[in-house]
Structures are given as C-alpha cells and as structure tokens.
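In: Here is my input; please provide its structure:
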Amino acid sequence: MAGLTTAPYVAFFISIWIVSPTVADQKEVTAKAGQDVTVDCRTPRDAEILLLKWSRSDLKSEGYVFFVRENRHYESAQHPSYHGRVELRDPQMKAGDVSVVVKNANVNDTGTYEFRVSTRSRETATEFSHFIKLTVTESDTKNITAKPGQDVRLHCQGPRGAVIGLIGWNRPDLESDKYVFFLRENHTNENYQLPSYRGRVDLSDPETKDGNASVVLKNVSVNDTGTYECGVIIRRGDEPKLYSTIKLNMTDSGHTDGPTVGGGILGLPVIVVIFIALFFLFYTKKISEKAVAAENEKEKLFQDLFSSSTPTDYVATTRDRGTYTNTRRHKQTNYN
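Out: Below you'll find the model as predicted:
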C-alpha cells in the first residue's frame with residue numbers, strides 16, 4: 001500500500017534532473033558580468049514538451065524571462081530586458097534537453113528564477129517546477145594602456161533592450177562628488193562634470209542602443225591615469241548599479257603635459273633637445289674649420305708672396321715693428 005502511495009512522487013522527482021553537486025530544491029549559479037550563462041535542465045527523453053516557462057517573481061513589470069509553447073518561442077510574452085538574450089541550448093529540445101542560455105549576463109539578472117515545464121508521455125500530462133538562484137557579480141577590473149594624445153574607449157555594457165535612465169562615469173581615486181561623464185534622460189549636464197573632462201568625453205553610441213553606456217575619452221594625458229567606474233540606472237528611483245571598472249594607464253610617448261619651469265617646457269621632447277645639441281656642435285665645428293682654413297690660406301698667400309722669384313729677388317723677409325728687411329746685396333729699406 002505504501003508503495004502505491006509513493007509511486008507518483010517518485011515519478012515526479014525522476015522526471016527532471018539538473019546538473020548540480022548537491023541534490024536540492026534550489027540550485028545556485030554564479031557568473032561574472034558579460035558572460036553567457038547556461039542553466040542545465042532536462043526532462044525524460046521520451047516525453048513531449050508542451051510548455052516551458054521561465055519567470056522571475058521580483059520583476060516589476062509583466063513578462064517571462066523565457067516562454068515556449070508547442071516548440072514555438074513567444075517573444076511577445078517576454079520581459080523587455082531579456083529580449084534577444086535568452087535562447088534554448090538545443091532549439092529542438094532533443095532527448096528532453098530544455099537547458100537555456102542567458103547571453104551577456106549583467107548584475108540586473110541576479111535573482112531567483114522558476115522553471116515550469118509541462119510534458120506529456122503515454123497520454124499522461126505532467127507539470128513540475130524547479131528554482132534557480134542566479135548571482136551575477138561584477139566583472140574583474142579591466143586594464144587599458146594608452147599614449148598621450150590618443151582617444152580611448154571605455155567600455156560599459158548595461159542591460160540589453162532596456163531604456164537607460166542615467167549613466168554616470170566617475171573616478172573614485174579623485175574623491176570628488178563630480179563625474180567624468182554624466183547623462184540623465186538622454187541629456188548631458190556639465191555642471192556635474194569634472195572641469196578637466198568637459199568637452200573631452202562623448203558617448204560611444206549617442207542613442208545608447210542595446211544598453212551601450214560606453215564613452216570615448218579624447219586626447220588623454222598622464223593626468224587621466226586612474227580608475228574609472230560606470231554606473232547605470234534603468235528605472236527611476238533605483239540605485240545606480242556598477243557595470244564596468246576600468247584602470248587606465250599611460251605610457252611614455254616622449255612628451256608630457258607637465259608644468260613649466262623657468263619659462264621652459266619641462267617635458268620638451270628629448271629628440272628636439274638632441275637635435276639642437278647636435279646642430280650646435282655641427283655649427284661650432286664648421287665655424288672652427290672655416291677659421292682654420294682661412295688662417296691656412298692667409299699663411300699660404302703670405303709665404304707665396306715673399307718666396308716667389310720676382311725681379312727684386314727677395315732672399316728672406318722679416319716683419320718687426322713695421323720694418324721689412326729685404327736682403328738683396330745687403331740693402332736695407334725702412335718703411336717707418
């Protein structure tokens with residue numbers, strides 16, 4: 001008698017199994033933001049799947065996370081934030097595989113999900129449910145390296161399909177209440193922006209399609225080195241959620257935007273300094289060579305003048321205090 005009473009319950013529990021290290025009514029899955037998350041779920045191999053519903057009770061608006069009836073996916077019954085992001089691992093659900101894949105998971109996907117499946121096997125309809133707790137944590141800090149003068153794209157992906165209400169990029173290392181970039185209801189406001197970033201930060205996609213909250217930081221300098229955080233608000237009244245953390249590093253490109261010392265540029269390019277030094281040495285050397293050449297030429301002319309065979313037949317010449325002595329038959333001429 002006891003065996004007949006417990007048989008339906010045994011059939012219920014063997015009708016679904018989910019890959020998990022422990023046997024429990026609720027499975028926990030953890031993922032990083034930006035990853036694709038696969039939730040394994042199976043029904044008996046020979047069962048016909050009539051209905052598959054995946055829902056979240058904490059969603060503030062109506063709609064399923066995923067909805068399939070008679071092998072047809074109904075996106076019209078789906079919550080907007082999951083449009084285009086949830087699909088069956090096997091579209092044909094062969095061998096009872098009703099596993100689903102959540103693409104590009106974000107922190108807003110954190111919550112408790114209920115799987116509800118209706119099957120039919122040998123003219124017997126069965127309905128069962130299972131709960132999944134999904135936790136999506138922030139992705140690890142991304143490192144970006146740039147050179148002064150370049151434009152840098154800071155990536156931030158919010159929920160796809162959602163209408164973004166606010167985007168705030170900030171630098172926590174500056175300990176300021178102002179932002180690197182601030183947008184609310186599709187309007188930027190420089191009053192909330194750090195002065196050094198005004199006019200230098202634009203949205204990568206002005207329409208923020210598919211939750212794209214990325215920005216482009218133009219003409220970066222060494223002063224832009226630091227940590228950048230991207231916070232996004234979807235619904236009015238919600239707290240901003242962190243979707244991206246980026247560490248921006250700068251490399252030495254041969255110049256800096258540093259201060260001036262003594263009226264000169266402290267960061268004058270090394271190559272310019274070397275060029276000036278080489279030019280000075282080259283110029284000095286040329287001047288010296290010209291001076292030596294001129295002196296040699298003068299000496300040569302002087303020697304040619306007094307050593308050549310002329311009618312006066314100069315034998316030797318000396319110049320002392322304005323007196324030139326010409327030795328020719330011991331005759332002396334004084335020009336003073």
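In: For the rest of this, base every contact and every neighbour count on C-alpha atoms.
Out: Will do.
In: shaky segments in this protein?
Out: Along the chain, segments meeting pLDDT under 70 span 1-25, 60, 139, 253-273, 275, 277, 280, 283-336.
In: how about a cut-off of 80?
Out: The chain contains residues with pLDDT under 80 at 1-26, 33-34, 58-62, 107, 121-124, 137-140, 159-162, 235-239, 252-336.
In: domain parsing for it?
Out: Domain ranges of the chain: 15-137, 142-253, 270-324, per automatic domain parsing.
In: Redo those domains as TSV? Include mean neighbour count.
Out: Shown next, in TSV, are the domains of the chain (neighbours: other CA atoms under 10 Å):
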stretch	mean neighbour count
domain 15-137	17
domain 142-253	17
domain 270-324	12
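In: did I read that right, Phe67 in a helix?
Out: No: counting by DSSP: H, G, I helix; E, B strand; the rest coil, Phe67 is not part of a helix but strand.
In: Can you give me the distance of it to Val117?
Out: 10 Å (CA to CA, to the nearest Å).
In: Determine the residues that are contacts of both of these two.
Out: Leu51, Leu52, Lys53 (CA atoms under 8 Å, 6 or more residues apart in numbering).
In: Chain neighbours aside, what residue packs nearest to the last one?
Out: It stands for Lys53. Spatial nearest neighbour of Lys53, chain neighbours left out: Phe67 (4.8 Å); criterion: CA to CA, 6 or more residues apart in numbering.
In: can you give me the strands in the stretch 51-200 of the chain?
Out: With DSSP state E, counting those that start in this stretch, the ranges of strands along the stretch 51-200 of the chain come out as 66-69, 72-73, 86-88, 100-102, 111-121, 124-137, 142-146, 152-154, 166-170, 181-184, 187-188.
In: could those be laid out in a markdown table, adding distance to Pro195?
Out: A markdown table is the format used below for these (distance: least, CA to CA, whole Å):
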| stretch | distance to Pro195 |
| --- | --- |
| strand 66-69 | 45 |
| strand 72-73 | 50 |
| strand 86-88 | 42 |
| strand 100-102 | 40 |
| strand 111-121 | 39 |
| strand 124-137 | 32 |
| strand 142-146 | 21 |
| strand 152-154 | 18 |
| strand 166-170 | 13 |
| strand 181-184 | 11 |
| strand 187-188 | 14 |
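In: so which of the ones you listed gets nearest Ile276?
Out: Ile276 lies closest to strand 142-146 among the strands of the stretch 51-200 of the chain, at 28.9 Å (CA to CA).
In: Show me the contact partners of the closest one.
Out: Residues from elsewhere that reach strand 142-146 (CA under 8 Å, 6+ apart): Val152, Val220, Thr245, Ile246, Lys247, Leu248, Asn249, Met250, Thr251.
In: Which two among these are spaced furthest apart?
Out: Thr245 and Thr251 (19.9 Å).
In: and which of the contacts of strand 142-146 is nearest to Gln78?
Out: Of all these, Thr245 has the smallest distance to Gln78: 30.1 Å, by CA to CA.
In: So the closest one sits against Gly231, correct?
Out: No: the pair Thr245 / Gly231 is not scored as a contact, 9.3 Å apart, by CA atoms under 8 Å.
In: quick one, phi psi at the closest residue to Pro80 other than its chain neighbours?
Out: Excluding the flanking residues, the one nearest Pro80 by CA to CA, 6+ apart is Gly161, at 6.1 Å. Dihedral pair for Gly161: phi 80, psi -10, per degrees, to the nearest 10.
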